[in-house]
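Visitor: Model the following, please.
(2 chains)
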Amino acid sequence: DSGVTQTPKHLITATGQRVTLRCSPRSGDLSVYWYQQSLDQGLQFLIQYYNGEERAKGNILERFSAQQFPDLHSELNLSSLELGDSALYFCASSVDGGSNQPQHFGDGTRLSIL
Amino acid sequence: SQQGEEDPQALSIQEGENATMNCSYKTSINNLQWYRQNSGRGLVHLILIRSNEREKHSGRLRVTLDTSKKSSSLLITASRAADTASYFCATASIPYNQGGKLIFGQGTELSVKP
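Guide: Below is the predicted model:
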């Protein structure tokens, strides 16, 4: 058990809809990362937060947004969903968000767009 | 876009044999990390090797890094059926204090037969 909690585990919705994925980091970790895993794109970094502030940005679409709250949990919002957004979305956390640290991953949210 | 190319894409061995997976990357790095992913689960951090290190051991794992060739290898000795999983290399390329973004390879699917 990594200590990172993601909810929900599964999400099925339709094109054009909006969903929110939630992540609670490991106790003591200040930084949260979001990744997308799909068969065609592999594992892609989306965005990183450290102590409530955005730290690094990757291949995140404009339709997607995220934030980290004062209690350090994070939410990833996906809107105007398209079929191609179907993927596994992972949250990871690390102690202080620097690059020389391991990241601890949750079990992901599997998003299916019908 | 992905940084790493992993080789082989799939590997099938018998229990007790050694498994070697290779990873090549394109840009200069701060460190390289290896992760394991069991089917449908989150990634588990295995080992981190810094750019100024050449070899690192952890239990049955041995990782080497050759920055001149931009490549790394992961050796699992005396493999067990429980080692069956996908293995990913990930590189951290940006300065430590600018975030912990990881770029993942496509992964090697390891199957260990009892």
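Visitor: Run through the residues of chain A sitting next to chain B.
Guide: For chain A, the residues in contact with chain B (CB under 8 Å from any CB of the partner chain) are A:2, A:4, A:31, A:33, A:35, A:42-45, A:48, A:50, A:55-56, A:58, A:90, A:92, A:94, A:97-108. Where C-beta positions appear, they are placed from N, C-alpha and C, glycine not excepted.
Visitor: Mind giving me the ChimeraX command for buried ones among those?
Guide: The ChimeraX selection below is limited to those of the residues of chain A next to chain B classed as buried (16 or more other CB atoms under 10 Å in any protein chain shown):
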select /A:2,4,31,33,35,42,43,44,45,48,50,55,56,58,90,92,94,97,98,99,101,102,103,104,105,106,107,108
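Visitor: Which of the residues of chain A next to chain B fall in helices?
Guide: In helices, judged by DSSP state H, none of these are found.
Visitor: ok now do the one residue in chain B that gets nearest to chain A, which residues does it touch?
Guide: Closest to chain A within chain B is B:Gly99: 3.2 Å, counting by CB to the nearest CB. Residues near B:Gly99 by CB atoms under 8 Å, 6 or more residues apart in numbering or on different chains: A:Gln48, A:Tyr50, A:Arg55, A:Ala56, A:Gly97, A:Gly98, A:Ser99.
Visitor: can you pull the contacts of the residue lying closest to the fifth one once chain neighbours are set aside?
Guide: This points to A:Gly97. With CB to CB, 6 or more residues apart in numbering or on different chains as the criterion, A:Gly97 has its nearest non-adjacent residue at 3.1 Å, and that residue is A:Ser31. Contacts for A:Ser31 (CB under 8 Å, 6+ apart) come out as A:Pro25, A:Gln48, A:Tyr49, A:Tyr50, A:Asn51, A:Arg55, A:Ser93, A:Ser94, A:Val95, A:Asp96, A:Gly97, B:Gly100.
Visitor: what's the closest of those to A:Gln68?
Guide: Among the contacts of A:Ser31, A:Tyr49 lies closest to A:Gln68 (CB to CB), at 3.7 Å.
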